[in-house]
Structures are given as C-alpha cells and as structure tokens.
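Participant: Requesting a structural model of the entry that follows:
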Amino acid sequence: MSDYPYVLVYRGIQKPLEFMGLRGRYVYIGAGIAVVAILLFIVGFILVGLLFSFILVLLLLST
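Facilitator: Numbers count the residues shown, from 1 in each chain. Next up is the predicted model:
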C-alpha cells in the first residue's frame, strides 16, 4: 500500500471565495465596478478628445 504517492487534497471548498480582502459575492461586485470604471474611462477619454477637436476646428475655422 505504500507504493501510492501522498497527495494533499484541498478541503476549502465550503469557504467563500476571497480576493484582495473581498469575500463571496463582493468579489463579483468589485469586478463589475472595475469593468464599469474602465469602460467609463474609455468613453470619457473619447468624448473629451472629440470635444477638444471640435473646439479646435471651430477656432481654426473662425479665424
């Protein structure tokens, strides 16, 4: 019987998921907030760039 290798089995299946101090469902809420923040940054970056270029075109055409 000692021919079989000794294998550790992870027994933490019943514990809640934890990531960077967030536990359980708050991990998914935190991930959702991070994704929304990245998307809002991209949209804001594009809108500010368009607004700046529109103002620049208006200034160049008015002179």
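Participant: going forward, measure contacts between C-alpha atoms and count neighbours the same way
Facilitator: OK.
Participant: In which helix or strand does residue 37 reside?
Facilitator: Assigned by DSSP states H and E, residue 37 belongs to helix 25-62.
Participant: So for that helix, what gets flagged as buried?
Facilitator: residue 27 (16 or more other CA atoms under 10 Å).
Participant: Return the distance of that helix from the chain's centre.
Facilitator: Distance, stretch centre to chain centre, for helix 25-62: 15 Å (CA atoms, centre = their mean, to the nearest Å).
Participant: Ok, stretch 56-63 next?
Facilitator: Taking CA atoms, centre = their mean, one finds stretch 56-63 lying 39 Å from the centre of the chain it belongs to.
Participant: coming back round to it: tell me the mean pLDDT for the helix holding residue 37?
Facilitator: Throughout helix 25-62, pLDDT has a mean value of 92.
Participant: And that helix, what does it pack against?
Facilitator: Other helices and strands packing on helix 25-62, by 3 or more CA pairs under 8 Å, 6 or more residues apart in numbering; DSSP states H and E, are absent; none qualifies.
Participant: Could you number the chain from 44 rather than 1 from now on?
Facilitator: Will do, 44 is the new start, and the previous item becomes helix 68-105.
Participant: tell me the pLDDT at residue 55?
Facilitator: On pLDDT, residue 55 comes in at 65.
Participant: Pop out the phi and psi values for residue 65.
Facilitator: Dihedral pair for residue 65: phi -90, psi 140, per degrees, to the nearest 10.
Participant: now it: how far from residue 99?
Facilitator: Applying CA to CA, to the nearest Å, the value for residue 65 to residue 99 is 45 Å.
Participant: Same question for residue 59.
Facilitator: Distance from residue 59 to residue 99, counting by CA to CA: 53 Å.
Participant: Then residue 92?
Facilitator: For residue 92, the distance to residue 99 equals 10 Å [CA to CA].
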